[in-house]
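In: coords please:
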Amino acid sequence: MSYWRLHYHLVWATYQRAPLLTESVERQVYGAILGKAKDMGIIVHAIGNVVDHIHVAGSIPPKIAVADCLKHFKGTSSHYVNHLPGASGDFAWQEGYGALTFGDRAMDDVVAYVRNQKEHHRQNTCRAPFERMSAEDDGVWMVFEEESR
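Out: Numbers count the residues shown, from 1 in each chain. So this is what the prediction gives:
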């Protein structure tokens, strides 16, 4: 068995930032993500959310691309929620995601941040780098793209 330590802080939003992650839906989404992670051999250290986006701290084996992990997490969870009894079928995720790597020493800090999403948003103590879900959210990439033209 190979040795690996590849930790990621993942974040993605509901379609058009609609407030779809209610308390009852979040439990279903968490269950779907945890089930898919187990099937794929991904270790989920923490999940947290507010009504319009979700964070996952996880360790993804090197044989799985981050984009594939997100595709499966998003697809499985939206499919599951939309097929619950009485579901409207309107649950969807927005295109794109944020993915940051972190080391073993940052694990406790990242896990605490992910688990306490509701509190961070209530108290306005969010960390901007952990909330980015697209290149447009980060001016550094925009500057780099303009300089490379």
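
In: Just the mean pLDDT for stretch 82-98, thanks.
Out: Across stretch 82-98, pLDDT averages out at 91.

In: can you list the weak-confidence ranges in this protein?
Out: 120-122, 125-149 (pLDDT under 70).

In: Which stretches in it count as strands?
Out: Along the chain, counting by DSSP state E, strands occupy 7-13, 43-50, 53-59, 98-102.

In: which outside residues touch stretch 32-51?
Out: By Cβ atoms under 8 Å, 6 or more residues apart in numbering, the surrounding residues in contact with stretch 32-51 are 7, 14, 19-22, 26, 29-30, 54-61, 64, 69, 72-73, 76-77, 79-81, 107, 110-118, 121. Where C-beta positions appear, they are placed from N, C-alpha and C, glycine not excepted.

In: May I have it as PDB, with CA atoms only?
Out: Extracted in PDB, the C-alpha atoms of stretch 32-51 (Å, rounded to 0.1, in the frame of the first residue of the first chain):
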ATOM      1  CA  ALA A  32     -24.600  11.200   0.600                       C
ATOM      2  CA  ILE A  33     -21.100  12.700   0.700                       C
ATOM      3  CA  LEU A  34     -19.900  10.400   3.500                       C
ATOM      4  CA  GLY A  35     -21.300   7.300   1.700                       C
ATOM      5  CA  LYS A  36     -19.600   8.300  -1.600                       C
ATOM      6  CA  ALA A  37     -16.400   9.100   0.200                       C
ATOM      7  CA  LYS A  38     -16.300   5.700   1.800                       C
ATOM      8  CA  ASP A  39     -16.900   4.100  -1.600                       C
ATOM      9  CA  MET A  40     -14.100   6.000  -3.100                       C
ATOM     10  CA  GLY A  41     -11.600   5.600  -0.300                       C
ATOM     11  CA  ILE A  42     -11.700   9.300   0.600                       C
ATOM     12  CA  ILE A  43     -11.300  10.200   4.300                       C
ATOM     13  CA  VAL A  44     -13.700  13.000   5.400                       C
ATOM     14  CA  HIS A  45     -12.400  14.800   8.500                       C
ATOM     15  CA  ALA A  46     -15.200  17.300   8.700                       C
ATOM     16  CA  ILE A  47     -18.200  18.800   6.900                       C
ATOM     17  CA  GLY A  48     -19.800  22.100   7.600                       C
ATOM     18  CA  ASN A  49     -22.200  24.500   5.900                       C
ATOM     19  CA  VAL A  50     -24.400  27.500   5.800                       C
ATOM     20  CA  VAL A  51     -27.600  27.700   3.700                       C
END
